[in-house]
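Colleague: model the following, please.
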Amino acid sequence: MITTLRPTGNGFYSQLTVFGDTPGWKCVDDITTDDDSTYLYNTTFDKSSVKWFEPFTDTDCTIASVTLYVRGKAVSRPSNIGEVQIVVYQSIPGGGFFSNYLGVPTSVLFNITDYSTLSAKSYNNPLDGLPWTTSGINAMQFGVTNLGYPTGQTRITQMYLEVNCIIKMHTTKKIKIQSGYKVNL
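Modeller: The predicted structure is shown next:
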């Protein structure tokens, strides 16, 4: 079962410029993308935007993976690309935060010609290397660090998180399977 979570607030970093709506998280919370109507952008190097996402509440499943999707494009960039790193942030008791990459710790590229959707998947919590938990997901802020260039923009118009769960059941009773569930016998 896959649960989709959308941004509900700005996180530790909201350094990207807002276009079309405020606060910044509203520029990227679209269910259906609005592309150039609302977005976050940056024209300089190493600015981040991370968001709090709506709470994940399913405690009756084993979390198989967490994937962050980011829709964006480059505008007037050298080599016609926009470069970002997909990151996670977690607050540390007593103050401060710890950050790491979600998925592969390398940058991902947007093409200049049109919007595209990039993703980073993690099977374990990248901050401690342990399997994901409901509380671990809810303690995180997910987002991007823009690896900017001196000219042009990288625009981010949509972010959403997918949590892939495996539901385990043991029963001798008759059950009805609802749409969206996978059953392995």
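Colleague: center of this structure - which residue?
Modeller: residue 68 (3.2 Å; C-alpha atoms, centre = their mean).
Colleague: do you know the pLDDT at that residue?
Modeller: Each residue has a pLDDT score; the one for residue 68 is 85.
Colleague: likewise for residue 8?
Modeller: Residue-level confidence at residue 8 comes out at 90, pLDDT.
Colleague: residue 28: neighbour count?
Modeller: The burial count assigned to residue 28 is 28, neighbours taken as other C-beta atoms under 10 Å. To be clear about C-beta, it is placed using only N, CA and C from the backbone, and glycine gets the same treatment.
Colleague: what's near enough to touch it?
Modeller: 7, 38-40, 49, 51, 156-159 (C-beta atoms under 8 Å, 6 or more residues apart in numbering).
Colleague: relative to the helix or strand containing residue 72, what are the paired strands and their orientations?
Modeller: Mapping residue 72 onto the secondary structure by DSSP states H and E places it in strand 62-75. Strands that pair with strand 62-75, judged by DSSP bridges, come out as strand 116-122 (antiparallel), strand 153-166 (antiparallel).
Colleague: from memory residue 25 sits against residue 50, does it?
Modeller: No: Residue 25 is not in contact with residue 50 according to C-beta atoms under 8 Å; the separation is 9.7 Å.
Colleague: buried ones in the strand holding residue 72?
Modeller: Burial within strand 62-75, assessed by neighbour count using 16 or more other C-beta atoms under 10 Å, is assigned to 63, 65-75.
Colleague: then stretch 130-137?
Modeller: For stretch 130-137, a neighbour-count test (16+ other C-beta under 10 Å) marks 132, 134, 136-137 as buried.
Colleague: as JSON lines, these with secondary structure, pLDDT and distance to residue 143 would be great.
Modeller: Output for the buried residues of stretch 130-137, formatted as JSON lines (DSSP: H, G, I helix; E, B strand; the rest coil; pLDDT from 0 to 100; distance: C-beta to C-beta, whole Å):
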{"residue": "132", "secondary structure": "coil", "pLDDT": "90", "distance to residue 143": "18"}
{"residue": "134", "secondary structure": "helix", "pLDDT": "91", "distance to residue 143": "20"}
{"residue": "136", "secondary structure": "helix", "pLDDT": "85", "distance to residue 143": "17"}
{"residue": "137", "secondary structure": "helix", "pLDDT": "87", "distance to residue 143": "14"}
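Colleague: where does the chain have low pLDDT?
Modeller: Segments of the chain classed as low confidence (criterion: pLDDT under 70) are 44-46, 76-113, 146-152, 169-170, 181-185.
Colleague: with respect to residue 121, which of the buried residues of strand 62-75 is nearest?
Modeller: residue 67 (4.3 Å; C-beta to C-beta).
Colleague: excluding its backbone neighbours, what's nearest that closest one?
Modeller: Once its chain neighbours are removed from consideration, residue 67 has its nearest residue in residue 121; the separation is 4.3 Å (C-beta to C-beta, 6 or more residues apart in numbering).
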